[in-house]
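> I'd like to go over a predicted model; first the sequence, then the structure.
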Amino acid sequence: MLNDLSYNKEKISQAISECVAWLTSLNLLKDESNELKNTLSEVLDNNTTDRALIAEAENFHNLIIERDEYIKDIAIDVKRLEKKIKEFPSKNIDRHWQKQQQKLRNEMIYLEKDFAKMREDFYRKFLRTG
């Protein structure tokens, strides 16, 4: 019984730590998103006549906004999960929040890969142009 309680407390502590790490990662992605928007603005400030470039910039701006919304949604879910975990009695681990945690883990992996691809495409397009 004591070992179960100790194991559960450790499991809960790890889950909370993971939530904190995710929120940190999401804040970094949000900051990077703002940097991408600033870079986009600078590129357009230096070239306002190239219609293809303007269209590409609008496309990337929309992609960035979509990622911003996804970041915001995941952050809300992570904060809810963290609150749920903290309020849960440590003597009994709830399988429901463990499923939510795995779902968020998968979403974070997807978001980070998707954002990295977008970033790469962005810099490939706009660093050679800008």
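Structure received.

> Which neighbouring elements make contact with whichever strand or helix holds Ala55?
Using DSSP states H and E, the element containing Ala55 is helix 51-87. Here helix 51-87 touches helix 2-46, helix 95-129, going by 3 or more CB pairs under 8 Å, 6 or more residues apart in numbering; DSSP states H and E. No exception for glycine: its C-beta is placed from N, CA and C like everyone else's.

> Now that helix: buried residues?
Buried residues in helix 51-87, defined by neighbour count with 16 or more other CB atoms under 10 Å: 53, 56-57, 60, 63-64, 67, 70-71, 74-75, 77-78, 81-82, 84-85.

> Give me the secondary structure label for Thr49.
Assigned with DSSP: H, G, I helix; E, B strand; the rest coil, Thr49 falls in the coil class.

> Look up how far Lys37 lies from it.
Thr49 sits 21 Å away from Lys37, taking CB to CB, to the nearest Å as the criterion.

> Of those two, give the one with the bigger neighbour count.
Ranked by neighbour count (other CB atoms under 10 Å), Thr49 and Lys37 place Lys37 first, with 15 against 6.

> Might one say that the more buried one is in contact with His61?
Yes: look at Lys37 against His61 with CB atoms under 8 Å: they come within range, at 7.1 Å.
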